[in-house]
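Undergrad: The following comprises the amino acid sequence and a computationally predicted model.
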Amino acid sequence: MTATAPSTTSRPASARPGPWGVGVTALALILALPLLVVLGFLLVPAGEVWGHLADTVLRDYVTNSLWLMLGVTIGTLIGGVGTAWLTSMCRFPGRGLFEWALLLPMAMPAYIIAYTYTGLLDFAGPVQTLLRAGFGWGYGDYWFPEIRSREGAALMLSLVLYPYVYLLARAAFLSQSLCVLDVSRTLGNGPWRTFFTVALPLARPAIVAGLSLALMETLADYGTVQYFGVATFTTGIFRTWYGLNNTVAAAQLSALLLGFVFLLVALERLSRRGARYHQTSQRHQAIRRYPLRGGRALAAIAFCLLPVACGFLIPAGLLTTWAWRVADTRIDAAFLGLMGHSLGLAATAALLALVLALILGYGRRLHPTRGVTAAVRIAGMGYAVPGTVIAVGVIIPFAWLDNSLDAWMRATFGLSTGLLLSGTLAALLFAYLVRFLAVALQTVESGLGKIRPAMDESARSLGLRPGGVLRRVHLPMLRGSLLTALLLVFVDVLKELPATLILRPFNFNTLAVRVYELAADERLADAAPAALAIVLTGLLPVILLSRSITQSRHAQTT
Amino acid sequence: MPKQLEIKGVSVAYGNTTIVQGVDLHLEGGDIGCLLGPSGCGKTTLLRAVAGFEPVATGEIWLQGRLVARPGFGLPPEERRAGMVFQDFALFPHLSVARNIAFGLRRQGGRERQARVAELLDLIGLPGSGEKYPHQLSGGQQQRVALARAMAPRPDILLLDEPFSSMDVALREQLAREVRELLKRDGVTAILVTHDQFEAFAMADQIAVLFGGRLHQVATGFELYHEPANRFVANFIGQGVMLPGRVRDGRQVETELGLLAGGRPHGLAVGAEAEVLLRPDDILHDDDSPLRAEVVNRAFRGAEYLYTLRLASGQDLLCLVQSHHNHAIGEHIGIRVAVDHLVAFAKGRESARWIGAGV
């Protein structure tokens, strides 16, 4: 496995931790620090504030979070599984287009779609205004669904999160051997029955994995629920932190939220393991898609068009109109400054994440001991943890470190250092790394996984030294993965809201924060240029994904 | 003149597990050798030790008069001049076919390098495919590119690790013959590792049978089949049954099929209990023969039937018969024995002696 010394090739790695083991473990521990801090607060005796929270709002947080999760489960399952089945198993006009267009809503952060629909559907918005003008109604004459509600939030989240389910369900349907479906047909089951009795159960692990990802995002959401006034854990942590100024209670709420998250992580892990055993056959025939005609084809088109239109086309169109309208006044030096902040921050975080991911990935490849593997796993846990929780977990130890350092310096040298780390970009970047390192790590590791040991050995037996193997084989083969990792982290950081809100230096604004502030002031149109910039950047990874989908389609036809 | 490859008393171990134990083997320039054995016998480990990917625990490996490995010392793989073809080919997916082949040719000048690449592309029958990428080639073509890549720097020895195992079974023998021709044309010394005896027969000049980390016999395919050195080799190569008997004298064994004799002394004690190896082609179908046996099973092989026959004593025999002799199960047919190479083992002992006809 190793490119460093021939004597250690494919030997079982020694149990003794080498420099790699120590380094990787230390790195993992640092990255796990926010989580450990938050969980550590479970041991601190609960204060009065906690009792107050438990008596009053805690039940709301739990109920609302559960309702949201239920709503998102229903929404993403219907949208994600239905569209995945139609595009992978049926033939109808526009199928190839929908195959990738269904991913578009991924570019839309939930809080932005929430702002957009509020602008569209609230009392002063164009839809209700049109209704009033058309029917001559006045205020209170008619009933209109309130978008700023728990149900509205579930709908918004479903619209942007169903692609997780769609992607994984689609891959599962495509990897199912056609034979098992054919067997079901020959045993007398119609296409519908076959879907429910064979295809769906076989794809279930993949669907559950996609769903748990969507639910993790639901729990992590702050912007949507805050704007819609739905009290959940994330808004509760904010309120307790800023409103009640109570660190312990905020951290304990975070720990409670982590409990929910860990359940989802366990669910995801379990179902991914199950997915491996649900491969029924190694040989796959090219898929014969079931042709749909007439009314059925129309229904299929409508079913696929609905999520694409509501999740991307309508809000993106609206944002564009608004942005166009305010372009003269809003796209100014301040806006460019925001862009600079956002891009700089995202690029720095992406580069740092890439370097760390390479260190961790290579550490595991060169020394696949149990310790190193566990450390890498821990370092990658952040993807499941809500930004709010990470922010709390970062701010507490950093403040403690600053205070201790300050006290020590004052005691020893008689000068005050003040706050060195808290409220700096360093704290913010650290939080980004904790949250998004997993994205880079996964990409880098899958890239490294494609470089089989035989590649290294081939290069060695053709006369290359270990350094040459790295330069001439590994780097060129990894280039694609490295770029992808950079891009994914970059976009995720750009969209991130809650951690940025809490940890940003005083008066330091990013695109996401500015959108949030303007929306909070009900200046939705003014927020449009910044929101549109985020959405357009978010399109980059979607394009990447859809390209890999098109490629896999070519691979199937040959 | 030093041997191209010399393996002297080599053992290879992982921790406390010894994988290869005290193997002696050598190969002359231009010869193709084969390490043949069931999976887990240590053949790939031995090959990797020659390539420089595994250290040796005992013994020495010499390549063209250079000591390349002994305990505590191993020349790194890039300095051994040993080309290797891997089971999964390990072509570099980011490089074109031509650049894959040229990968090991860094010391040559541009023109020389191009000429060598063109020459090899011709040799493997893929001229004009230099600009393609590995994924655009079929499995067989990828395999030939991997071969050309390993041959390009003119290594002192070429190591092939189960190179046909990912191929269609029907194609393996043909590919093995093609590769043999290629190597012979270029005068390459090579070692093939395989578990498939037909591949070994089709490709190798000398076959070394490995089992449990030990070398059991080094011989040609013909010798392995007709003169196996012990029971393991007899079982592993080809088919056959063991017929009990008693040693009559230095060349003959008395069995229920009569007195069987070979051309060479078998070395077993007179009067000892022995077992004689009977191959399916040692039993001939003959309607006139008084010796009868009952057909208990048969397998159609196209040109032949492989009959399982049962003697009155209950002893089973295998018999290969041209397929126009179509006999039903339950029928009694006449047979006679035609043993050219009498292989007799002392009953219950591992040692082996053979009575060869023409050796």
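TA: Received it, and whenever you're ready, just let me know what you need.
Undergrad: From now on I want contacts and neighbour counts done on CA atoms only, so please keep to that.
TA: Fine.
Undergrad: low-confidence ranges in the stretch 51-200 of chain A?
TA: Confidence mapping of the stretch 51-200 of chain A against pLDDT under 70 gives the ranges A:177-180, A:182-183, A:185-186, A:188.
Undergrad: how about the strands in it?
TA: Ranges of strands within the stretch 51-200 of chain A are A:90-91, based on DSSP state E, counting those that start in this stretch.
Undergrad: How far away from the center of its chain is stretch B:267-280?
TA: 26 Å (C-alpha atoms, centre = their mean, to the nearest Å).
Undergrad: what about that stretch, average pLDDT?
TA: Mean pLDDT, stretch B:267-280: 86.
Undergrad: Over to stretch A:537-553?
TA: 78.
Undergrad: Report the buried residues of that stretch.
TA: Of all the residues in stretch A:537-553, those buried under the rule 16 or more other C-alpha atoms under 10 Å in any protein chain shown are A:537, A:538, A:539, A:541, A:542, A:543, A:545, A:546, A:549.
Undergrad: what residue lies at the spatial centre of the chain?
TA: In the absence of a named chain, this looks at chain A. Centroid check for chain A by C-alpha atoms, centre = their mean gives residue A:217 as the closest residue, at 6.2 Å.
Undergrad: Next one, pLDDT for it please.
TA: Taking residue A:217 on its own, its pLDDT is 91.
Undergrad: same thing with residue B:66?
TA: For residue B:66, the model assigns a pLDDT of 93.
Undergrad: which one is the residue of the stretch 251-359 of chain B found nearest chain A nearest to, not counting chain neighbours?
TA: As assessed by C-alpha to the nearest C-alpha, chain A sits closest to residue B:301 within the stretch 251-359 of chain B, at 27.9 Å. Of all residues not flanking residue B:301 in the chain, residue B:323 sits nearest, at 7.9 Å (C-alpha to C-alpha, 6 or more residues apart in numbering or on different chains).
Undergrad: Residue B:336 too?
TA: Of all residues beyond its chain neighbours, the one nearest residue B:336 is residue B:284 (5.3 Å), with distances taken as C-alpha to C-alpha, 6+ apart.
Undergrad: sorry, back to before: which residues touch the residue nearest to the centre of chain A?
TA: A:161, A:384, A:386 (C-alpha atoms under 8 Å, 6 or more residues apart in numbering or on different chains).
Undergrad: Show residues contacting the helix or strand hosting residue A:21.
TA: Element membership of residue A:21, judged by DSSP states H and E, is helix A:19-40. Outside helix A:19-40, the residues that touch it by C-alpha under 8 Å, 6+ apart are A:251-252, A:254-255, A:359-360, A:363, A:367, A:371-372, A:375-376, A:378-379, A:382, A:389-394, A:396-397, A:433-434.
Undergrad: contacting residues for the residue nearest to residue B:336?
TA: Listed by C-alpha under 8 Å, 6+ apart, the contact set of residue B:284 reads B:319, B:320, B:321, B:335, B:336, B:337, B:338.
Undergrad: Confirm it sits in a helix?
TA: No - assigned with DSSP: H, G, I helix; E, B strand; the rest coil, residue B:284 falls outside any helix and is strand.
Undergrad: which SS class is the residue in the stretch 401-550 of chain A that chain B sits nearest to?
TA: For the stretch 401-550 of chain A and chain B, the shortest gap (C-alpha to the nearest C-alpha) falls at residue A:463, measuring 3.8 Å. Of the three states, residue A:463 takes coil under three-state DSSP.
Undergrad: Repeat that for residue B:270.
TA: Using three-state DSSP, the structure places residue B:270 in coil.
Undergrad: Contacts only, for the one residue in the stretch 151-300 of chain B that gets nearest to chain A.
TA: Here the stretch 151-300 of chain B gets closest to chain A at one residue, residue B:153, 7.6 Å apart by C-alpha to the nearest C-alpha. Contacts for residue B:153 (C-alpha under 8 Å, 6+ apart) come out as A:462, B:104, B:105.
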